[in-house]
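Trainee: I would like the atomic coordinates for the input below:
(one chain, ligands or ions: 1)
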Amino acid sequence: MNLNVNLQAKPVSSNGPTHEKVLSVTHWTENLFSFRITRPSGFRFRSGEFVMLGLEVNGKPLLRAYSIASPNWDEELEFFSIKVPDGPLTSRLQKIDVGDTVLLGRKPVGTLVHDALTPGKNLYLLSTGTGFAPFASIIRDPETFEKFEHVIVTHTCRETGELAYSKFIVDELMNHEFLGEMVEGKLTYFDSTTREEHARMGRITNLIENGELFNAVGLPPFDPAVDRAMICGSMDMIRDTKALLEKAGLTEGSNAAPAEFVVEKAFVG
Ligand code: A2P
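Mentor: This next block holds a predicted model:
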């Protein structure tokens with residue numbers, strides 16, 4: 001019996017984060033990157049949920065809530081992050097490389113999940129900035145297309161380059177060997193910028209109000225009988241987008257009381 005080793009070993013906490021390996025890192029712009037990590041066996045989540053994620057800094061875990069961008073069937077976990085130069089976590093996290101270790105919380109949670117919505121026909125996923133992350137998970141989950149006839153994912157950023165990740169995810173999905181057929185004719189990608197010239201410009205709130213969103217997808221304006229929505233972005237974007245949904249008669253739901261739309265703040269790490 002090696003008593004020494006046992007006494008010196010760190011107590012294993014069943015609640016603490018697990019150590020996961022970085023499998024790939026992609027830098028999309030100077031301010032945005034995505035990365036994939038190992039998924040521990042037994043790590044279950046519903047597409048659209050978030051989890052605590054981070055690094056060990058000065059011997060202590062530094063964790064922030066991050067939406068899981070990969071769907072729940074994926075063997076790996078994917079995340080989409082902003083880089084904040086003086087951000088306690090993202091200033092460090094942006095430097096991770098393949099083989100590095102990150103810390104992953106054990107309990108994914110969140111409201112941007114199918115369970116928090118009542119059944120409907122059309123699902124609008126409305127995002128700005130890194131708010132696209134949970135929707136990268138939801139649009140890659142076959143359950144989404146079993147539950148809805150049309151899925152419209154919107155992504156608005158200040159500049160065109162910031163749309164690169166969402167464009168890549170949607171292109172990859174549409175060309176996917178198996179999932180491509182599932183989303184064909186059902187998934188619409190609606191992108192726009194607000195501060196740089198782009199094929200479509202404007203805040204999502206303006207594009208809802210002036211009817212451009214509905215014209216593009218060929219559907220009538222929001223109707224609580226058939227439309228469901230999820231919103232993920234900044235506090236201001238959420239407030240204003242939510243007001244438009246409520247004006248159209250949709251009510252906010254939660255895991256405990258499903259309804260017509262759900263919201264979550266995009267995490268800024
Ligand atoms: P804008 O450039 O007009 O502020 P941010 O980087 O500040 O989080 O913004 C991301 C995107 O969200 C930007 O295109 C921004 O447009 C847009 N946005 C900011 N505030 C709102 C809001 N209240 N309603 C809708 N869109 C918003």
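
Trainee: Low-confidence ranges, the stretch 151-269 of the chain, go.
Mentor: Confidence mapping of the stretch 151-269 of the chain against pLDDT under 70 gives the ranges 268-269.

Trainee: Show me which residues of it sit near the ligand.
Mentor: Proximity of the stretch 151-269 of the chain to the ligand, by CB under 6 Å from any ligand atom, involves residues 156-158, 194-195, 203-205, 233-234, 236-237, 240. Heads up, the C-betas are built off the backbone N, CA and C, glycines and all.

Trainee: among the residues you listed, which are in strands?
Mentor: Of these, the ones assigned to strands by DSSP state E are 156-157, 233.

Trainee: Check the gap between the closest residue to R203 other than its chain neighbours and A133 for me.
Mentor: Of all residues not flanking R203 in the chain, T194 sits nearest, at 5.7 Å (CB to CB, 6 or more residues apart in numbering). Distance of T194 to A133, given as CB to CB, to the nearest Å: 19 Å.

Trainee: of these two, who's got more company?
Mentor: Set T194 next to A133 and count neighbours by other CB atoms under 10 Å: A133 wins out with 28 against 15.

Trainee: residues contacting the more buried one?
Mentor: By CB atoms under 8 Å, 6 or more residues apart in numbering, the contact list for A133 reads 66-69, 79-80, 232, 266.

Trainee: Go through the residues you listed and name the one nearest R39.
Mentor: Closest approach to R39 among the contacts of A133 (CB to CB): I68, at 9.5 Å.

Trainee: Neighbours of K83, how many?
Mentor: By other CB under 10 Å, neighbour count at K83 equals 17.

Trainee: contacts for the lengthiest strand in the chain?
Mentor: Secondary structure of the chain per DSSP E: the longest strand is strand 18-27. Contact partners of strand 18-27, identified using CB under 8 Å, 6+ apart, comprise 33-40, 43, 76-77, 96-104, 106, 165.

Trainee: Quick check, S67 in contact with G110.
Mentor: Yes: between S67 and G110 there is a contact at 7.4 Å, judged by CB atoms under 8 Å.

Trainee: and for those two, which residues touch both?
Mentor: Contact with both S67 and G110 is made by residues 48-50, 134, 264, according to CB under 8 Å, 6+ apart.

Trainee: so who does T128 touch?
Mentor: Counted by CB under 8 Å, 6+ apart, T128 has contacts 155-157, 204, 232-234, 237, 266.

Trainee: Drop anything exposed from those residues.
Mentor: 155-157, 204, 232-233, 237, 266 (16 or more other CB atoms under 10 Å).

Trainee: hang on, I37 in a helix?
Mentor: No: according to DSSP: H, G, I helix; E, B strand; the rest coil, the state of I37 is strand, so it is not within a helix.

Trainee: Show me what it is bridged to.
Mentor: Residues in a beta bridge with I37, per DSSP bridges, are V22, L77.

Trainee: hey, where'd the strands end up in the stretch 101-250 of the chain?
Mentor: Taking DSSP state E, counting those that start in this stretch as the criterion, the stretch 101-250 of the chain carries its strands at 101-104, 122-128, 150-157, 187-193, 227-233.

Trainee: So which other helices or strands are in contact with the last one?
Mentor: Applying 3 or more CB pairs under 8 Å, 6 or more residues apart in numbering; DSSP states H and E, one finds that strand 227-233 makes contact with strand 122-128, helix 133-138, helix 235-247, strand 261-265.
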